[in-house]
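Undergrad: Fold the following, please.
(one chain, ligands or ions: 1)
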Amino acid sequence: MSSLRLPRTIYEAIRAHGEETYPHECCGALLGRFIAVDSSSDEAGGWVIEDAVRAGNTRTDSAHNRYQIAPVELVKIEREARTHGLDIAGFYHSHPDHPAQWSKTDFEEAHWIGCCYVITEVAQGKAAVTNSFLLAGQREEDKRFERQTIEIAGDATESQRE
Ligand SMILES: [Zn+2]
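TA: I've put the predicted structure just below:
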């Protein structure tokens, strides 16, 4: 199973975001660096997250069960990430009073193959389970979500910015 490395401060921040927007979904992007598989060790490759960016939920029609980041906002996030040497590593959103499992809509709207999709269940306003799914596959036709482990690092790295 692949893993996602997340500093505790970011893990807490995305869960807090879900509590703030409850009973609506929150969403945002995860920025980081991809560490390739090192053949000299047993360490699996994967994303190391260094930052999280909150995004406005543009799905005002049914913000409680759908999410989307406006393309113009996404372009801005990506450009900003690049200036810090980071890439978009994935996306996060919350499921108010629903399990931290991807939905059919989540799957249909996931197009960033190789990126991770983090979902937090917010039960009665409190963040509960957080899961991460890697969007695996080669292209849109054979994409699939694979559950991955979340490794929470003790502290944010020195690259954390104010
Ligand atoms: Zn969802």
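
Undergrad: Name the nearest residue to the closest residue to the ion within the chain, sequence neighbours excluded.
TA: Closest residue of the chain to the ion, C-beta to the ion: Asp106 (4.0 Å). The way it works is simple: take the backbone N, C-alpha and C, and place the C-beta from them, glycine included. The shortest distance from Asp106 to any residue other than its chain neighbours is 6.8 Å, reached at Tyr117 (C-beta to C-beta, 6 or more residues apart in numbering).

Undergrad: list the helices and strands the helix or strand where the one you found lies packs on?
TA: Taking DSSP states H and E as the definition, one finds Tyr117 inside strand 116-123. With contacts defined as 3 or more C-beta pairs under 8 Å, 6 or more residues apart in numbering; DSSP states H and E, the packing partners of strand 116-123 are helix 8-21, strand 87-96, strand 126-136, strand 144-153.

Undergrad: Quick check: which of those is buried the most?
TA: Mean neighbours per residue, mean count of other C-beta atoms under 10 Å, is largest over the helices and strands packed on strand 116-123 for strand 87-96, with a mean of 24.

Undergrad: Parallel or antiparallel, which strands does it pair with?
TA: Sheet pairing for strand 87-96, assigned by DSSP bridges, gives strand 27-35 (antiparallel), strand 116-123 (parallel).

Undergrad: got JSON lines for those strands, with distance to Leu4 too?
TA: Below are the strands paired with strand 87-96 laid out as JSON lines (distance: least, C-beta to C-beta, whole Å):
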{"stretch": "strand 27-35", "distance to Leu4": "8"}
{"stretch": "strand 116-123", "distance to Leu4": "5"}
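
Undergrad: So, low pLDDT: which residues of this structure?
TA: Counting by pLDDT under 70, the ranges of the chain that qualify are 38-44, 57-67, 155-162.

Undergrad: can you do 80?
TA: For the chain, the stretches with pLDDT under 80 are 37-45, 57-68, 154-162.
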